[in-house]
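Student: Sequence below, structure please.
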Amino acid sequence: MHLGFNKINVIFDIEGILINESRLRVGKGGLPSLGVGVDAETIKTLKESEYIPYIPGSSIKGALRAYVERILRSEGQEVHDPWDWDSIEREKEEPCLVCRLFGNTYWSSHIYVFDAYPLTKPRLEVKTGVGIDRFLGGAKARVLYDEEYVAPGCRWNFKMKIFNVDLREDSEEARLVKSCLKALCAGLIQLGARKSTGMGLIKLLAKETRVNEWRVKELELCKVSEISLSEILEV
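Tutor: Residues are numbered from 1 along each chain as shown. Take a look at the predicted model:
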């Protein structure tokens, strides 16, 4: 039985603090902005007349989704293959557990992740790298590049909404949602560029993250509890 949206069963509203424990660069794609002076720029948005870096919610959600896919595959469970046409066609009628939670082109997501903005002014730094000659396996002559990144230790706001997945029940969906949140709290999730060199490591601070639980009572959506994420996850 698929989780539906025709009625509201429960909404879990999660708000807390993310910290990047290592250098972080979520790239903007394409050419850098004029006047930046680097080859690889961190994505930014205009806020209060100043361009500041942020972490797109889609980047966080994509990393969590990838983690869940790997967990399910490691247990031998079937996960859709985006390159297999038969698998894509099956998703229309019988989505896999990942698509039931995170959505696909046919099914809506039960997990919403919002853009994360820095809570204090982030420290931007520039690192110079050397191009690699893949044929010789060494440094490539006269190929240097500069990449911008957010220095470790920046605190970001984190916001997620979970619709109709009851974290108080022992369903497979609830266990998977809590599993990816535990991984995020344990510092096992990475974002952006240079992950293989240790960049992009983020951590959700469970004790500084609040979970608001909403349910329908007498034709109104009412907040029935507010606890810390560490209590929900028992960490």
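Student: in stretch 223-235, what's buried?
Tutor: Of the residues in stretch 223-235, those buried by neighbour count under the rule 16 or more other Cβ atoms under 10 Å are Ser228, Leu229, Ile232, Leu233. Using the backbone N, CA and C atoms, a C-beta is placed for each residue, glycine as well.
Student: And for stretch 164-176?
Tutor: For stretch 164-176, a neighbour-count test (16+ other Cβ under 10 Å) marks Asn164, Val165, Asp166, Leu167, Glu173, Ala174, Leu176 as buried.
Student: circling back to that earlier point, out of the buried residues of stretch 223-235, which is nearest to Lys47?
Tutor: Leu229 (26.2 Å; Cβ to Cβ).
Student: ok, back up a step: same list, the buried residues of stretch 223-235, but as TSV with distance to Arg25 please.
Tutor: Below are the buried residues of stretch 223-235 laid out as TSV (distance: Cβ to Cβ, whole Å):
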residue	distance to Arg25
Ser228	30
Leu229	27
Ile232	31
Leu233	29
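Student: Just the ones in helices from the residues you listed, please.
Tutor: Among the buried residues of stretch 223-235, the members falling in helices (DSSP state H) are Leu229, Ile232, Leu233.
Student: roughly how far apart are the first one and Leu167?
Tutor: Translated: Leu229. With distances taken as Cβ to Cβ, to the nearest Å, Leu229 is found 10 Å from Leu167.
Student: what sits in contact with each of those two?
Tutor: Between them, Leu229 and Leu167 have Val211 as joint contacts when contacts are counted by Cβ atoms under 8 Å, 6 or more residues apart in numbering.
Student: tell me the contacts of the residue sitting nearest the centre point of the chain?
Tutor: Centroid-nearest residue in the chain, with Cα atoms, centre = their mean: Ile60, separated by 1.3 Å. For Ile60, the contact set (Cβ under 8 Å, 6+ apart) comprises Val113, Ala116, Phe158, Leu191, Ile202.
Student: Quick check: pLDDT value at it.
Tutor: Confidence per residue is given as pLDDT, and for Ile60 that number is 97.
Student: what are the ranges of the strands in this structure?
Tutor: Along the chain, the segments classed as strands by DSSP state E run 11-20, 44-47, 50-53, 111-113, 124-133, 138-150, 155-163, 189-190, 201-204, 210-217, 220-228.
Student: mind giving me TSV with the contacts of Ile60 and columns for distance to Arg23?
Tutor: Listed next are the contacts of Ile60 as TSV, based on distance: Cβ to Cβ, whole Å:
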residue	distance to Arg23
Val113	22
Ala116	16
Phe158	19
Leu191	11
Ile202	11
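Student: Mind picking the lowest-pLDDT entry from these?
Tutor: Leu191 (94).
Student: was I right about it contacting Ile55?
Tutor: Yes. Using Cβ atoms under 8 Å, Leu191 makes contact with Ile55 at a distance of 6.6 Å.
Student: Please identify every residue contacting each of these two.
Tutor: Both Leu191 and Ile55 are in contact with Leu24, Val26, Ile202, where contact means Cβ under 8 Å, 6+ apart.
Student: For the first one, which non-adjacent residue is spatially closest?
Tutor: Yep, that's Leu24 we're talking about. Spatial nearest neighbour of Leu24, excluding adjacent residues (Cβ to Cβ, 6 or more residues apart in numbering): Val150 at 4.5 Å.
Student: ok, now Ser171?
Tutor: Nearest residue to Ser171, sequence neighbours excluded (Cβ to Cβ, 6+ apart): Val165, at 7.5 Å.
Student: Is that neighbour in contact with Leu97, as I believe?
Tutor: No. Contact between Val165 and Leu97 fails when scored by Cβ under 8 Å: they sit 11.4 Å apart.
Student: list residues touching both of those two?
Tutor: Taking Cβ under 8 Å, 6+ apart as the contact criterion, the residues that touch both Val165 and Leu97 are Glu173.
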